[in-house]
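**Student:** I'll drop the sequence and a predicted model, then ask my questions.
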Amino acid sequence: MVHLITELSKYSMIILFALYTYQCFSSLKRSVDKEEQAEKYRSQVVYMYMFHLNAYAVLYASTLNTEILKFYAMQVVFFAAVQICYGIFYKRVSKLVVNNMCMLLCIGFVMLTRLSYEHAVKQFWIAVISMAVTMLIPYFISKWTFLRNLTWVYALAGITMLGVVAVLGAVSHGAKLSFSVAGIAVQPSEFIKIIFVFFVASMFYESTDFMQVVKATAVAGLHVVILVLSKDLGAGLIFFIAYMVMLYVATRKLYYFAGGLLCGAAASVVAYHLFNHVRVRVVAWQDPLAVFENEGNQVSNSLFAIGTGGWFGMGLNQGMPNKIPEVKQDFIFSAISEELGGIFAVCLILVCVSCFLMFLNIAMQMKDTFYKLVALGLGTLYGFQVLLSIGGDIKFIPSTGVTLPLVSYGGSSLLSTLVIFAVIQGLYLLRERTAAEQEAQRKEALKKQSGKKNGGKNGEAKKKPKKGGGKSHEENIHGTKVKNFD
Amino acid sequence: MKKTSTGRKSKTSTKRYGNREFVIITYLFVAVFIMMMGYFAYFQVFKSEDFINSPYNTRQNTFAEHVVRGEILSADEKVLAQTVVGEDGGETRYYPYGAMFAHAVGYDSNGKYGIESFGNFNLLRSHAFFLEQVINGIQNKKNPGDNIVSTLNYSLQEAAYQALGGNRGAVIALEPATGKLLAMVSKPDFDPNTLAANWESIIANTDSDNSVLLNRAAQGLYPPGSTFKILTTLEYLRENPNYQDYHYECQGSIAMENTEIHCYNNAVHGSEDLQKSFAKSCNTSYANIGLGLNKTKFAGLCKQMLFGTDLPIAYPSKQSSFVLNKDSNTDQVTQMAIGQGETLVTPMHMALLTSAIANNGTLMRPYVIDHTENYRGVTVKSYSPSVYGPLLSKDEANKLQEFMSLVVSEGTGSKLNGQSYHAAGKTGSAEFSNVKGESHAWFTGYASAEGKGSIAVTVIVENGGAGSTTAVPIAKQVFDTYFAGN
């Protein structure tokens, strides 16, 4: 009986998640109108709950641990609360981003429960608290206009905190990444990266002339150097890429981007020869089995898991994901691929891509340079971290030891990702409001116009695209489509 | 994500920022994400087998729970090992030919050895039709594992097994052009069918040299005796381009500092050149040759010829060894030159050297798994011949071939003369104790016939006396079978 449930659930969970993933992208089609889109998002929520129920049914059936049932119920309440709160307080945020956030958390809870029940419970409570706190962020983001003026506060805060960690921080896994506050290990780079994005955005909001670029680059370089010196290669890379992307978009100068990436490549070569911990990662990436006893152990085990799982997976609780060192943090993707299957894993990548697209979408829709750059920076942080994490797990690139946002275990990572998502939601709110205001103004203007000129319908139709052209041709990949006047 | 509005917007908008750069960044990230998913699929389809089948992958127990271990077949389609499932679902591993394939096929109880060990994951994988697997999974039935079709040839193995008879020793047959292992016999042996039952008494023999479990073909270390003269000759050829001018007057013995070297059976060979010295296996002449060799270069040649190296085979093997450096005295040098003293080789090592000579200098990497197929005979994965590397030049190999032919036509291998095939080789009678007249009988050589390919055979008979009388007839049996059947 247990076997039957596990075996059938392998396929049903893949189907449910595949349907969910399909809706992430089918809702972006131009032909989909607002009602259809809302319907698709509702169906996503249904798929998520069905997957959640299915997964916990298997976990319960294979362990017969009644605690798991209670834990499941608590999670259902949590997800319902998140959905309802967003539904009531933030009607205008992107539903797709809310759904993806819940889905990724849900997959994380399922996998962590399977890997280590205690850690899953801990993660759950961190999620509850983080969610409660970050729930306020969209409101403040849409209200606080002074955020763009704190340029040097961000720089100072970031450098100071990173410096403190580098000097005093506890040594964990050969990298100085965290310090403990009241018994809780905090990984500051997770938060500083957000502050860093705000710093860069406000710098380039002020100006993009050469001196400004020099100043911003100096501060950004300092961040990256401190991170590399404290052996946090993954974070260093993420900061670097986020900066390069923002610099390029803000200045619109391709040679900055190309030059920067070239310098980055050169720096990597230097780092390879200079630092042993960089070489170790590259050696493990080149041929993990050849150095299985030492450097290659983690990546080899990850690939054993992914390969053994195949496309359909071993089934929850049927594999041996705990053989992978650091499986709860850096290598959770491999555990998912082993037990839930390669198809499920590809869908997971697609959901992450969907989040990234939603981040970049709002960046493009905002009118305000500062917000555009913030959304771009945060989107890059998120997208690049996903690439580093999954790419490292599957040996696409050398492993850099970063977490998969919202899915991996880890309080700092979870809270900081929720902050990013909340800021993005704040921007969606802001966009909706400005759009509404503009619309009101436009109507006002139109009234006046038609009153004055007493023009016919044709005249109106001609003029509208001119004024509202940008808006009315916006692509509707965001959650709440702007009403089209044409 | 294509934003058709972008171009229009940048024209009509008065904002400093268009979205062109945003779109570029979005495409860039999406492209990398797609590449990553492509790599994931590539890994699953093409690369995962390497990792799944790695002996480091400890997920084997999980496999055995869902798969009935596949069969091991000979190249001529005889079943060498199969799992018999009883009515109660109990599984027994059955070896139809008992001890004959004991070391080649190996065993799967009390640990694993041979193909059962390094082919373990192939046997425990099921590539049965996908839907069949789903149905089996639902019914909680095991899937039929994949079969391994080996390169082992039943007729050759039987011939070698019978020819070796009750002697202790080993016989190896390789295909020089491909590296296929055609036969491998080691005696004393055991019946893998009763290994578990007799385990206690088998391991009670703590003297590992006498253990039936020891695969003498790859793990037995023996003094090479005169077979080593192949390498001495090669070194002489390298140092003396005018080797044709070599002349020596054999008087049956030669005195060194502390020892006296005699020819086998105190023969006196009289006047001889290099060819005759080799064909007659004249010890005194080779001691004389040894004295003239550059010790450092000779040691270098041995290293190049796989001494002190792990042999490139899947079976566990010992490293061959020698003692020679620039400070070695004349005793050591002359002993080395005739394959005595502290020089030790494995029969597999000699077989590989012979195979390389027969293949014009190029050693093919030996392998024993030809391909794997699902239980219906559909090929899953084929293993093709691969080059290990050139051990000697074609010119050198051709000269050695000529020398080895003379051994058969006018020397110690004359029992192989006048056959339907052309044979060549080198005999050896290696003294292993201080008791005069006690020696291991060696033969290592190859044979070929027009249109029938070629085969390399190495034979050692422990305490078998002269190679020419004991080992050569065994090799002949194998050659006869090969060319009769082919």
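**Tutor:** Here it is on my side, so go on. Numbers count the residues shown, from 1 in each chain, chains lettered A, B, ... in the order given.

**Student:** In this structure residue B:266 contacts residue B:260, no?
**Tutor:** No - between residue B:266 and residue B:260 there is no contact under CB atoms under 8 Å: 11.3 Å. C-beta coordinates here come from the backbone N, C-alpha and C atoms, glycine included.

**Student:** any common contacting residues for these two?
**Tutor:** Common neighbours of residue B:266 and residue B:260 are listed as residue B:253 (criterion: CB atoms under 8 Å, 6 or more residues apart in numbering or on different chains).

**Student:** so where do the strands sit in the stretch 1-150 of chain B?
**Tutor:** For the stretch 1-150 of chain B, the strands defined by DSSP state E, counting those that start in this stretch cover B:67-68, B:72-73, B:79-85, B:91-94, B:143-144, B:147-150.

**Student:** what's the nearest residue to residue B:33 if we skip its chain neighbours?
**Tutor:** residue A:353 (5.1 Å; CB to CB, 6 or more residues apart in numbering or on different chains).

**Student:** Including mean pLDDT, could the strands of the stretch 1-150 of chain B go into CSV?
**Tutor:** Compiled in CSV, the strands of the stretch 1-150 of chain B are given as follows (pLDDT from 0 to 100):
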stretch, mean pLDDT
strand B:67-68, 90
strand B:72-73, 96
strand B:79-85, 93
strand B:91-94, 92
strand B:143-144, 90
strand B:147-150, 96
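
**Student:** Can I get those in TSV including mean neighbour count and distance to chain A?
**Tutor:** Compiled in TSV, the strands of the stretch 1-150 of chain B are given as follows (neighbours: other CB atoms under 10 Å in any protein chain shown; distance: least, CB to the nearest CB, whole Å):
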stretch	mean neighbour count	distance to chain A
strand B:67-68	20	12
strand B:72-73	25	22
strand B:79-85	18	18
strand B:91-94	14	18
strand B:143-144	22	12
strand B:147-150	25	19
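
**Student:** Where does the residue nearest to residue B:33 fall, secondary structure wise?
**Tutor:** Per DSSP states H and E, residue A:353 falls inside helix A:342-365.

**Student:** mind checking how far stretch B:174-182 is from the chain centre?
**Tutor:** Put simply, stretch B:174-182 sits 9 Å off its chain's centre (CA atoms, centre = their mean, to the nearest Å).

**Student:** Stretch A:312-320 too?
**Tutor:** 26 Å.

**Student:** hmm, who's touching it?
**Tutor:** By CB under 8 Å, 6+ apart, stretch A:312-320 touches A:6-7, A:9-11, A:14, A:55, A:58-59, A:62-63, A:110, A:114, A:305, A:308-309, A:335, A:337-344, B:58-59, B:62.

**Student:** Now do the spatially closest residue to residue A:163 that is not a sequence neighbour against chain B, distance only.
**Tutor:** Nearest residue to residue A:163, sequence neighbours excluded (CB to CB, 6+ apart): residue A:226, at 6.1 Å. Applying CB to the nearest CB, to the nearest Å, the value for residue A:226 to chain B is 26 Å.

**Student:** Could you list every helix and strand in contact with the helix or strand containing residue A:226?
**Tutor:** In the assignment (DSSP H and E), residue A:226 maps to helix A:210-229. Contact partners of helix A:210-229 among helices and strands, from 3 or more CB pairs under 8 Å, 6 or more residues apart in numbering or on different chains; DSSP states H and E: helix A:151-168, helix A:189-206, helix A:233-251.

**Student:** what angle separates the second one from helix A:233-251?
**Tutor:** What it means is helix A:189-206. 10 degrees (axes from the mean of the first three to the mean of the last three CA atoms, to 10 degrees).
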